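>>> output the structure for:
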Amino acid sequence: MVNMPSSEQTGLKSRITDGSATIGIVGMGYVGLPLARAAAGVGFAVTGFDIDPDKVEMLMRGQSYIRHIPNEDLAALIGKGLLNATTDFSRIRDMDAILICVPTPLTKHREPDVSYIVSTGEAIAPHLRPGQLVVLESTTYPGTTAEVLTPILQRGGLVCGRDLFVAYSPEREDPGNPHFNTERIPKIVGADDPVSLELAHQLYSRLVVEVMSVSSAATAEAVKLTENIFRAVNIALVNELKIIFQRMDIDIWSVIEAAKTKPFGYMPFYPGPGLGGHCIPIDPFYLTWKAREYDIATKFIELAGEINTSMPHYVVQRLAQAIDKTLGKGLNGSRIMMAGIAYKKNIDDVRESPAFKLMHLLEERGAAVSYHDPYVLEIPSLREHADYIGRQSVPLTAQTLSEVDAVLVVTDHDCVDYRLIVDSVRVVVDTRNATRTVRQGRVNVFDA
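Below is the predicted model:
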């Protein structure tokens with residue numbers, strides 16, 4: 001491996017150590033904005049890059065568009081001159097480190113869509129200079145950093161490992177988790193040359209509680225996929241157990257509560273109406289796609305995917321059965337209120353939420369669907385289900401509940417009045433065990 005001249009390497013290392021390094025973060029979403037706050041919070045001068053001028057304008061006013069990032073935090077950092085944002089990618093040349101936090105969705109055929117990584121690489125490549133560190137954080141298949149991003153970055157003649165440092169460090173954000181913010185979550189870093197690895201490790205050591213280096217960028221990419229495949233497989237297992245135990249008249253929630261008292265060999269996973277968030281519904285398919293290159297069939301992972309993607313259909317069927325049993329009618333013409341559309345509790349993030357698949361299936365069968373979500377007052381821009389953009393949350397009152405035939409609990413927000421729901425509606429289908437605290441009058445509550 002050709003090493004970068006020691007003077008440039010030492011200069012960058014020195015700037016990281018003394019906090020004078022400038023950091024650019026490309027993509028100011030649910031990963032990039034918390035990372036920017038963490039970096040600016042320890043004294044680095046951070047510039048956020050985004051193609052959305054509305055986001056940039058909001059940030060420069062000190063306004064957060066992510067619920068768990070307070071306006072006060074941003075305003076304070078901007079006031080100190082530690083945080084700013086721009087759509088001007090020519091300012092990449094002024095950055096010592098560039099951290100890429102852009103989406104990696106799936107195509108309609110469930111194949112990796114790395115177009116955001118490619119377009120970001122093409123946007124920054126003309127403005128790169130010797131002595132910069134570029135780190136990809138976007139979740140992707142093993143080999144993306146070396147096979148996709150690095151060749152783009154080298155188009156201008158810079159050589160990675162000599163003129164330019166490139167590493168991979170998978171994001172590990174858990175939006176809304178009060179116990180683990182960006183700074184408290186350990187980081188993995190991997191690179192294909194020792195200088196890049198050392199610099200990436202050094203930078204993230206300034207930002208987070210712990211950093212572990214692995215042997216290559218591909219290894220770090222594989223770590224992220226392994227973490228989320230683990231969750232996807234275990235969620236699929238418990239979803240399948242829920243369906244089995246339902247037939248046996250056994251409460252899956254009681255089973256899990258009892259099983260998790262075992263102090264070894266078991267950890268609890270919980271069933272739900274389908275997978276949500278940007279990671280777990282998507283990441284396993286990145287590995288199944290890459291595995292085909294090596295003539296390997298990922299049967300176990302694909303089976304888990306089939307189970308999880310089938311859950312919205314199961315929930316709709318359970319809802320139809322509950323309405324038929326209680327009201328003597330079908331879904332066609334029924335009025336359904338969905339309680340919660342965020343992909344998990346107590347956040348405003350709707351990325352890949354199963355709520356939209358449920359809406360589609362219900363409306364396809366003739367139901368009129370409304371929703372209540374105190375965190376999502378209006379459905380934002382979506383890559384899919386564009387017809388729902390702009391639809392607004394309805395108030396949760398005795399009056400609005402009297403106007404529906406059933407409530408489908410999709411997201412178990414803590415602040416929702418489940419007592420009111422159970423008391424006001426003849427059919428409540430609960431996919432999250434959210435109504436467990438309502439101990440009286442539960443004859444109208446059905447699990448799904």
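
>>> what comes up buried for the helix or strand of the chain with the lowest mean pLDDT?
The least trusted helix or strand in the chain, going by mean pLDDT, DSSP states H and E, turns out to be helix 6-18, with a mean of 85. Neighbour-count burial for helix 6-18, counted by 16 or more other C-beta atoms under 10 Å, picks out 8-9, 12-13, 15-16. Any C-beta I mention is one placed from the backbone N, CA and C, and that applies to glycine too.

>>> go on, stretch 310-327?
Of all the residues in stretch 310-327, those buried under the rule 16+ other C-beta under 10 Å are 311-312, 314-316, 318-320, 322-323, 326.

>>> which one of those is nearest to residue 425?
residue 326 (10.1 Å; C-beta to C-beta).

>>> end to end, how far does stretch 412-419 reach?
Across its full length, stretch 412-419 reaches 13 Å between end residues, using C-alpha to C-alpha, to the nearest Å.

>>> how about the helices in the stretch 201-350 of the chain?
Secondary structure of the stretch 201-350 of the chain by DSSP state H, counting those that start in this stretch: the helices cover 217-247, 252-259, 283-292, 299-327.

>>> from the ones you listed, which stretch is densest packed?
Highest mean neighbour count of the helices of the stretch 201-350 of the chain: helix 283-292, a mean of 21 (counted as mean count of other C-beta atoms under 10 Å).

>>> list the neighbours of that one that are in contact with it.
104, 106, 110-112, 139-143, 224-225, 228-229, 232-233, 297-298, 301-302, 304-305 (C-beta atoms under 8 Å, 6 or more residues apart in numbering).

>>> and for stretch 299-314?
Contacts for stretch 299-314 (C-beta under 8 Å, 6+ apart): 229, 232-233, 235-237, 239-240, 243, 271-275, 281, 284-285, 287-288, 354, 357-358, 361, 448.

>>> from the chain's centroid, how far away is it?
With C-alpha atoms, centre = their mean, to the nearest Å as the basis, stretch 299-314 stands 19 Å off its chain's centre.

>>> okay, that stretch in PDB with CA atoms only?
Extracted in PDB, the C-alpha atoms of stretch 299-314 (Å, rounded to 0.1, in the frame of the first residue of the first chain):
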ATOM      1  CA  LYS A 299     -32.700 -18.900   2.400                       C
ATOM      2  CA  PHE A 300     -32.900 -18.100   6.100                       C
ATOM      3  CA  ILE A 301     -32.700 -14.300   5.500                       C
ATOM      4  CA  GLU A 302     -35.200 -14.400   2.700                       C
ATOM      5  CA  LEU A 303     -37.700 -16.500   4.700                       C
ATOM      6  CA  ALA A 304     -37.500 -13.900   7.500                       C
ATOM      7  CA  GLY A 305     -38.200 -11.200   4.900                       C
ATOM      8  CA  GLU A 306     -41.200 -13.100   3.600                       C
ATOM      9  CA  ILE A 307     -42.700 -13.400   7.100                       C
ATOM     10  CA  ASN A 308     -42.100  -9.800   8.000                       C
ATOM     11  CA  THR A 309     -43.400  -8.400   4.700                       C
ATOM     12  CA  SER A 310     -46.600 -10.600   5.100                       C
ATOM     13  CA  MET A 311     -47.500  -9.100   8.500                       C
ATOM     14  CA  PRO A 312     -49.600  -6.200   7.100                       C
ATOM     15  CA  HIS A 313     -51.700  -8.700   5.200                       C
ATOM     16  CA  TYR A 314     -52.200 -10.700   8.400                       C
END
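
>>> just want the most central residue of this protein.
The centroid of the chain falls nearest to residue 278 when counting by C-alpha atoms, centre = their mean (3.5 Å).
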